[in-house]
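Model the structure of this input:
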Amino acid sequence: MSRYSEQQSTEEPNLNKGAPLSSFAPPEEYAPKSKEDFKEGFKFNVLIVGHGYVGSAVASILNDDEKTIVDPRYNDNKISDFKDQKFDAVFVCVDTPEGDKFKLLNSVLVDLDENMLPDTPVCCKSTASPQFYSEAAEACNNIKVVFCPEYLNKFDPVQMFQRQKFCILGGDIEAAHKIYTILFDRLHYCPADNYRFMDIRSAALHKYAVNFMLSYRVTFFNELYLQHKFQGCDTIWEHFVDAVCMDPRVGIAHNKVPGEDQKFGWSSHCLDKDAAAFEEFSGSPLVKFIRELNDLHREYNGGPSKPAQIELMKGNAKKTVSDFIEEQNKNAIEESK
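Alright, predicted model coming up:
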């Protein structure tokens, strides 16, 4: 039996009031409700492991005398240098590259477990599978592991972090609320009702669910772009997609084709890495199909510019999108000669 199952509530969440969609709503004694609950000059003592764009974003909400950073790219500090020192929390923000099998993240957690004081809350920002975090949390004897997924990009991570409007915390319930205390005090755009508390497996799956949904949207709009050409539509693409997104159920996120890099499909390192990991641990045929379709979209270079050439494709129902892409790429090469 999961150690979380005994804490589950039988009460239905009040969706109209933004109640946490989780059985782990914050106990009253843990949860400050307003900024006034903090005394002026209140300070935290936080260790940050990893100072890339996620770690630097976390560091941005802390004063210089509140944070200690460990990162060989940034300084000579080691986790063992702070053995048995008291920290209000540790934030782990190391990379989990594709194919790494979370080895770096695992070594950091082992190091922290050997050197931190008992019950130190460790908030992981690094993406890893539900199984990894579940096993890591169980294996750690000293530290209390919490996963808090992050949805930043490399272009403006500090602003995105400081202006986030929701926060997921999964893992040991007391440790999660200690992390909540720090974040609630410093993240001024995220109200108390927008924090969600859950088990660590659910929090880890949340990260993959959101990123894959965004990947799926990119793939969908790329496929729609191709169909718009394939069907010989006369309305320019930008006006067409704007009309599609007028329906609030569709929304406007991730609908730009081609993307910011002026290429088709998704090219985001995080989306690509997380989709690959999601496929590996889930075995989902949908994830596999979307990844393969994205590879196909990435090969597309925009096709012919002459309306007459597009007209040749109109009404050819037997031709697949793959055939369409291949033929348009060939035509584009011929045009450039």
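
Helix, strand, or coil at residue 132?
At residue 132, secondary structure determined by DSSP: H, G, I helix; E, B strand; the rest coil is helix.

Please, where are all the helices along the stretch 201-337 of the chain?
Using DSSP state H, counting those that start in this stretch, the helices of the stretch 201-337 of the chain run over 237-244, 269-282, 285-299, 307-313, 321-336.

Make CSV out of those helices and add distance to residue 117.
For the C-beta atoms, the positions are set from N, CA and C on the backbone; glycine is no exception. Formatted as CSV, the helices of the stretch 201-337 of the chain follow (distance: least, CB to CB, whole Å):
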stretch, distance to residue 117
helix 237-244, 54
helix 269-282, 32
helix 285-299, 40
helix 307-313, 67
helix 321-336, 57
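
among those helices, which is the most enclosed?
helix 269-282 (a mean of 19; mean count of other CB atoms under 10 Å).

so that one versus helix 285-299, what angle?
Comparing the axes of helix 269-282 and helix 285-299 via axes from the mean of the first three to the mean of the last three CA atoms, to 10 degrees yields an angle of 150 degrees.

Packing partners of helix 269-282?
Applying 3 or more CB pairs under 8 Å, 6 or more residues apart in numbering; DSSP states H and E, one finds that helix 269-282 makes contact with helix 200-230, helix 285-299.

quick one: it to chain centroid distance?
Put simply, helix 269-282 sits 11 Å off its chain's centre (CA atoms, centre = their mean, to the nearest Å).

got the CA positions of that helix in PDB?
Output of helix 269-282 as PDB, limited to C-alpha atoms (Å, rounded to 0.1, in the frame of the first residue of the first chain):
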ATOM      1  CA  HIS A 269      15.100  20.400 -26.300                       C
ATOM      2  CA  CYS A 270      12.700  19.800 -23.400                       C
ATOM      3  CA  LEU A 271       9.700  18.800 -25.400                       C
ATOM      4  CA  ASP A 272      11.900  16.400 -27.400                       C
ATOM      5  CA  LYS A 273      13.600  14.900 -24.400                       C
ATOM      6  CA  ASP A 274      10.500  14.500 -22.400                       C
ATOM      7  CA  ALA A 275       8.500  13.000 -25.300                       C
ATOM      8  CA  ALA A 276      11.300  10.400 -25.700                       C
ATOM      9  CA  ALA A 277      11.300   9.600 -22.000                       C
ATOM     10  CA  PHE A 278       7.500   9.500 -21.900                       C
ATOM     11  CA  GLU A 279       7.400   7.000 -24.700                       C
ATOM     12  CA  GLU A 280      10.100   4.800 -23.100                       C
ATOM     13  CA  PHE A 281       8.500   4.500 -19.700                       C
ATOM     14  CA  SER A 282       4.900   4.500 -20.800                       C
END
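
what's in contact with it?
96-98, 127, 129-131, 153, 207-208, 211-212, 214-215, 218, 266, 284, 287-288, 290-291, 294 (CB atoms under 8 Å, 6 or more residues apart in numbering).

if you set the cut-off to 7 Å instead, what comes out?
When contacts are defined by CB atoms under 7 Å, 6 or more residues apart in numbering, helix 269-282 is touched by residues 97-98, 127, 129, 131, 208, 211-212, 214-215, 266, 287-288, 291.

what is the rounded mean pLDDT of it?
Taken as a whole, helix 269-282 has a mean pLDDT of 90.

Report the inter-axis angle for that helix versus helix 200-230.
Using the same axes, to 10 degrees, helix 269-282 lies at 110 degrees relative to helix 200-230.

quick one on the thing from earlier: ok, of the helices and strands packed on helix 269-282, where does mean pLDDT dip lowest?
Lowest mean pLDDT within these: helix 285-299, a mean of 89.

Which strands or helices does it pack on?
Helices and strands touching helix 285-299, by 3 or more CB pairs under 7 Å, 6 or more residues apart in numbering; DSSP states H and E, are helix 200-230, helix 269-282, helix 321-336.
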